[in-house]
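> Dropping the sequence and predicted coords here.
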Amino acid sequence: MIKTRYIVLLISLMLGAALFAGGCSGGSTATAKAGDKVKIDYTLKLADGTVYDTSVGKTPFEFTLGQNQVVVGLEKAVTGMRAGESKTVAIPAAEAYGAYNSQLVRVVQRGQLPQGTEPQVGQQLQTTNSDGTTTVFTVTKIDSTGITLDANSPLAGKDLTFEIKLLEIESK
């Protein structure tokens, strides 16, 4: 009987030591940092509460911190989080897609578009610049004076709210 209690006590002590070594919770205590590949679920909302996009119920979103793969505000929000942690963060336009830039709006004549193109409002058109980069324009207006093309992101000038859950951290 005493021997059985001793074995149970010994197993309990070993289990406690293992949990303590793992951060007292049995899980990782690592926080997300530059160079880490992270996987998140997110819901992106506009200032009025409208859900603009979400990964919830879909494939989680993956990116590497410090690689400029996402807007600055989202990267700042995820940095320092632990796997399993959730948060809601308001991101001002300056740390999201920037201010709306009216200089990125052009009015072109139908003849300037590739032959056979039948533009429609909301349609996206892409052009290749002389340096090899591409620019995506959204058709915002069609009238007798021409076709209005806007190269701003649809989220330019908008404050955003992200609901984030950090699912996984892959340290490099």
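Yep, that arrived. Residues are numbered from 1 along each chain as shown.

> center of the chain, which residue is that?
For the chain, the residue nearest the mean C-alpha position is Val70 (5.4 Å; CA atoms, centre = their mean).

> what's near enough to touch it?
Under the criterion of CB atoms under 8 Å, 6 or more residues apart in numbering, the neighbours of Val70 are Phe63. Glycine gets a C-beta too; all of them are placed from N, C-alpha and C.

> In which helix or strand does it reside?
When elements are assigned from DSSP states H and E, Val70 belongs to no helix and no strand.

> swap in Ile164?
Going by DSSP H and E, Ile164 is in strand 160-170.

> Please list the outside residues in contact with that strand.
28, 30-32, 36-47, 52, 60, 73-74, 77-78, 81-91, 93, 96.

> List buried residues within those residues.
Listed as buried from those are 31-32, 36, 38-45, 73-74, 77-78, 81, 83, 91, 93, 96; burial here means 16 or more other CB atoms under 10 Å.

> any idea how the protein splits into domains?
1-29, 31-98+156-170, 102-150 (automatic domain parsing).

> That'll do, ta.
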